[in-house]
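1. Sequence plus predicted model, see below.
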Amino acid sequence: MKKLLIGTAAVALGLAFAAPAAQAADGVKLGLGGYMKGYVTWQDQDDDDSAADDAEARSFDIVRDTEIHFTGETTLDNGLTVGFHSEQLADPGDGFDVQESYAYF
């Protein structure tokens, strides 16, 4: 996937620099977005399976789903629109992995 993104980015740069008449007049419009969903759970209950009278089962957990979205787009003077979109997973402990990434012309 990274090779595809690098290849399309190289083609986009090559097209932008190869034809001086096809440069963007307004520059590149960049965007940053994403979302975060989080849930906290707590469990505190008596444990009937234990031989001890005071035995309890306790549990605490945080579940989260976080993504960061990067976008960029420009329209060249010859009318060609060039852009990209990339989504990364950004949960602590899971790393910063690319979930989806593409470029378009």
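-> Great, that's in hand.
2. can you map out the strands along this structure?
-> 29-46, 56-75, 81-89, 97-104 (DSSP state E).
3. and these, which is most packed in?
-> For the strands of the chain, average neighbour numbers computed from mean count of other CB atoms under 10 Å are highest in strand 81-89, which has a mean of 16. (Glycine included, C-beta is placed from N, CA and C.)
4. Now do it: which elements does it pack against?
-> If you count contacts as 3 or more CB pairs under 8 Å, 6 or more residues apart in numbering; DSSP states H and E, strand 81-89 packs onto helix 2-18, strand 56-75, strand 97-104.
5. Under the pLDDT cut-off, which ranges of the protein? List them.
-> Confidence mapping of the chain against pLDDT under 70 gives the ranges 1-25, 47-56, 94.
6. at 50 instead, please
-> 4-5, 11, 13, 15, 21 (pLDDT under 50).
7. Bridged to the residue nearest to Gly27 when sequence neighbours are not counted, which residues?
-> Excluding the flanking residues, the one nearest Gly27 by CB to CB, 6 or more residues apart in numbering is Thr74, at 6.7 Å. Counting by DSSP bridges, Thr74 is bridged to Val82.
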